[in-house]
Structure formats: C-alpha cells, structure tokens
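Chemist: below is the structure, and that's it, no one-letter string:
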C-alpha cells in the first residue's frame with residue numbers, strides 16, 4: 001500500500017498528549033462556566049537552523065458544567081483556536097477553526113467511592129488540512145512547547161471509565177480504568193484516504209497521604225493503544241505510555257497555600273509505519289514545578305514556575321524549557337476574573353549538534369462563574 005508522505009505528520013498529531021483536568025463530582029457546585037482568551041508566542045533565535053522564525057497560537061476556551069438527573073454531572077468543553085507560523089524564508093502558514101467538543105457525564109455511586117463516567121468527543125474541529133495547515137498543527141503538537149491545545153480535530157469518538165476511591169484514615173487510595181474508541185475520518189485535503197486513530201485503554205492508580213497542614217499525592221498511569229489504520233489497513237501502533245506524577249501541597253499563614261510537583265512521561269518506541277519508515281522513537285518528558293496562592297484582599301495572587309525536559313531516542317526535536325509567571329484571581333459578584341502572564345526560555349535540538357534557543361510569552365484572561 002502506498003502511503004501519503006504527510007501521514008507521518010498525522011501520526012505525530014495522534015501521539016500528542018491530551019491536556020485535561022478533572023474535579024470530584026461531590027466538590028463541584030450545581031452549575032459552573034468558564035471562558036477566556038490566551039495568546040502564546042514562541043520565537044527561535046536561529047531561524048535558519050530550525051526553519052521557523054516564530055509560531056503563535058490564540059485560543060478561546062469554553063466550558064460549562066451542571067448537575068442533571070439528580071447526581072449526574074454533565075460537562076461540555078471546547079475551544080476556538082487560531083495559529084500562525086512564520087518560516088525562516090519569511091513565508092507564513094496559518095490554521096484556524098474550532099476544536100473538537102468533549103461531552104462528559106459522571107455519576108458517583110455507593111457513597112461517592114465508586115464513580116462511572118462516559119465521554120463523547122464530537123467531531124466539531126478542523127479535520128481536513130492542507131499541507132501548510134498540517135505543518136502548523138505538527139508544531140503546535142510539540143511536546144517541548146506547552147501550547148494550550150495539542151490538535152484541532154481527531155475525528156471524534158466515545159468511551160467510558162470506572163473509578164474506585166477509598167480513605168483509610170490519613171491515606172487515600174484510588175484506581176480507575178477505561179477505554180476510548182476513535183472514529184474514522186479524512187484528514188488531508190489532497191487525499192481521500194480514511195484515517196482512524198488507535199483506540200485507547202488506560203489504568204491509573206493514585207495514592208495520597210495527609211499530614212498536618214499538608215498532603216502528598218502520587219499518580220501512576222499506563223496507557224496502551226490499538227493500531228492506527230488507513231482505509232482499513234494497519235498503519236502504525238503507538239508505543240505504550242507510562243506516567244508518574246507526584247505532588248506535595250501545604251498550607252501557609254492566613255489563606256495561603258503552595259504546591260510542588262514532579263513527574264515523568266515515557267513513551268515506548270512504536271511499531272513500524274507500514275511502507276514508510278521504522279517505528280517512531282521512544283520519548284521521555286520530565287516535568288517539575290511549583291506555585292503558591294497568596295491571599296490579597298478579596299482576591300489572590302498566584303506565582304508559579306515550571307521546567308520541562310524532552311528527550312527522544314533518535315536525538316531529534318528534543319530540548320528543554322523553563323517558565324516563570326503569575327496569575328491573579330479577583331471576584332466580581334459571582335464571577336472571578338483571572339488575568340495571567342508567563343515568559344519561557346529554552347533550547348531545541350534540531351539535528352545532532354545543531355541547536356537553537358527560543359523564547360516564549362503567554363498572556364491570558366479568563367472568567368469563571370459558579371452558582372451555589
């Protein structure tokens with residue numbers, strides 16, 4: 001089977017890590033909504049080496065959560081995103097449009113120690129991409145640069161999970177597992193081949209220990225995938241992922257709090273790209289950082305710092321970056337206004353012995369509203 005050259009980039013998009021957060025149903029208010037805007041921009045010091053002078057991403061995330069049918073929590077989230085890339089020769093490429101929409105229903109059972117969830121990913125995002133748009137999407141999907149989104153569209157899908165959680169004095173234990181199936185879709189403007197990402201299976205185990213005014217938490221995850229397919233034929237199987245993240249949170253004077261975290265995400269080498277090349281390399285992403293929440297009048301000031309080191313077994317596209325920033329929370333009636341800013345610096349390895357520094361800036365503004 002002849003493989004379109006751009007399908008290698010499609011696989012890279014499918015491997016991009018999801019960025020998500022969860023909240024325990026019992027802790028959530030009856031209704032909550034959030035909206036905002038975020039601008040991220042990265043500039044490369046040696047554009048001729050990287051092939052890119054700068055890349056920017058503007059996102060408008062939207063989310064809402066409410067209680068339906070008794071104790072069921074229904075969450076809907078999505079975003080609009082617009083990205084632009086300026087190449088070293090001065091030419092530009094752009095990609096804009098909505099992302100996929102996620103609809104999640106969560107039901108706590110048996111005194112909240114058992115939780116059942118179902119999720120549907122609606123294919124509202126951009127799917128068929130031109131060559132220039134695919135180039136932009138591949139850069140945004142980079143593990144080294146922590147953009148707000150990792151892709152515009154993935155064809156949609158559906159899945160479910162079950163979670164168990166119990167406390168034994170100062171120790172909490174939890175385990176969850178689930179499965180998510182993907183839909184087939186046509187991803188390239190100049191190719192009608194049907195692409196179907198591999199289905200995902202995962203297991204997560206979490207432990208936490210409470211101390212006097214502090215809590216330590218450890219979460220370990222294993223994620224496996226079935227083969228990606230093109231026109232029904234096997235294309236690629238993503239390497240298994242192993243994740244471990246630990247954190248330590250503590251309270252300070254007044255209403256101040258702080259948290260420190262560190263973790264590693266390892267992806268094994270994937271199987272061969274049929275008819276194209278050997279399997280994609282194994283990769284490691286090491287994360288560390290911390291932040292504080294300092295009460296200021298009716299609001300709060302939240303400084304934070306983070307670092308990430310990305311390594312690939314083939315030595316390409318790896319690098320490191322550090323970030324320093326802050327946000328603020330200011331209540332206005334039932335709405336909380338949250339402005340934020342961050343700067344980043346780092347280096348990226350394009351080829352062995354060929355590197356370039358980069359600098360990044362992030363500016364954001366969001367609104368949160370909850371109804372008790």
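Modeler: Ah, there it is. Everything numeric in this text was worked out from a predicted model, so none of it was measured.

Chemist: what lies in contact with the longest helix seen in the chain?
Modeler: Ranked by residue count and defined by DSSP state H, the top helix of the chain is helix 131-140. Taking CB atoms under 8 Å, 6 or more residues apart in numbering as the criterion, the residues outside helix 131-140 that touch it are 6, 9-10, 12-13, 52, 55, 57, 83-85, 93-95, 126, 129, 145, 147, 149-152, 188-190. Just so you know, the C-beta spots here come from the backbone N, C-alpha and C atoms, and that holds for glycine as well.

Chemist: which residues touch residue 331?
Modeler: For residue 331, the contacting residues are 298, 299, 337, by CB under 8 Å, 6+ apart.

Chemist: partners of it in the sheet?
Modeler: For residue 331, the beta-bridge partners are residue 336 (DSSP bridges).

Chemist: can you count the residues close to the nearest residue to residue 210 once chain neighbours are set aside?
Modeler: For residue 210, ignoring the flanking residues on the chain, the nearest one in space by CB to CB, 6 or more residues apart in numbering is residue 170 at 4.5 Å. Taking other CB atoms under 10 Å as the criterion, the count of residues near residue 170 is 11.

Chemist: what does the one 5 residues further on give?
Modeler: When neighbours are defined as other CB under 10 Å, residue 175 has 14 of them.

Chemist: which helix or strand contains it?
Modeler: Taking DSSP states H and E as the criterion, the element that holds residue 175 is strand 171-182.

Chemist: for residue 268, what are its contacts?
Modeler: Taking CB under 8 Å, 6+ apart as the definition, contacts of residue 268 comprise 239, 240, 241, 282.

Chemist: and for the first one, nearest residue in space, chain neighbours not counted?
Modeler: Distances taken as CB to CB, 6+ apart place residue 268 nearest to residue 239, at 3.5 Å, with adjacent residues excluded.

Chemist: and the one you found, how far is that from residue 320?
Modeler: Taking CB to CB, to the nearest Å as the criterion, residue 268 is separated from residue 320 by 22 Å.

Chemist: next SSE after the longest helix of the chain?
Modeler: Downstream of helix 131-140, the next assigned helix or strand under DSSP H and E is strand 157-168.

Chemist: relative to that next one, what are the paired strands and their orientations?
Modeler: The pairing partners recorded for strand 157-168 under DSSP bridges are strand 114-122 (antiparallel), strand 171-182 (antiparallel).

Chemist: next structured bit after the longest one?
Modeler: This means strand 171-182. Next helix or strand after strand 171-182 toward the C-terminus (DSSP H and E): strand 195-196.

Chemist: ok, back up a step: which phi and psi values does the residue nearest to residue 210 adopt?
Modeler: Per-residue torsions, residue 170: phi -90, psi 0 (degrees, to the nearest 10).

Chemist: let's see the pLDDT reported for it.
Modeler: Per-residue confidence at residue 170 stands at 94 (pLDDT).

Chemist: the one 10 residues further on now?
Modeler: Turning to residue 180, the model gives it a pLDDT of 96.

Chemist: and it, what does it touch?
Modeler: Residues counted as contacts of residue 180 (CB under 8 Å, 6+ apart) are 119, 121, 157, 158, 159, 199, 200.

Chemist: is it bridged to anything, and to what?
Modeler: Following DSSP bridges, residue 180 is listed with bridge partners residue 159, residue 200.

Chemist: ok, now how distant is it from residue 215?
Modeler: Using CB to CB, we find residue 180 at a distance of 30 Å from residue 215.

Chemist: in the chain, which helix or strand is least confident?
Modeler: For the chain, the helix or strand with the lowest mean confidence is helix 7-14, at a mean of 37 (criterion: mean pLDDT, DSSP states H and E).

Chemist: this completes my enquiry, with thanks.
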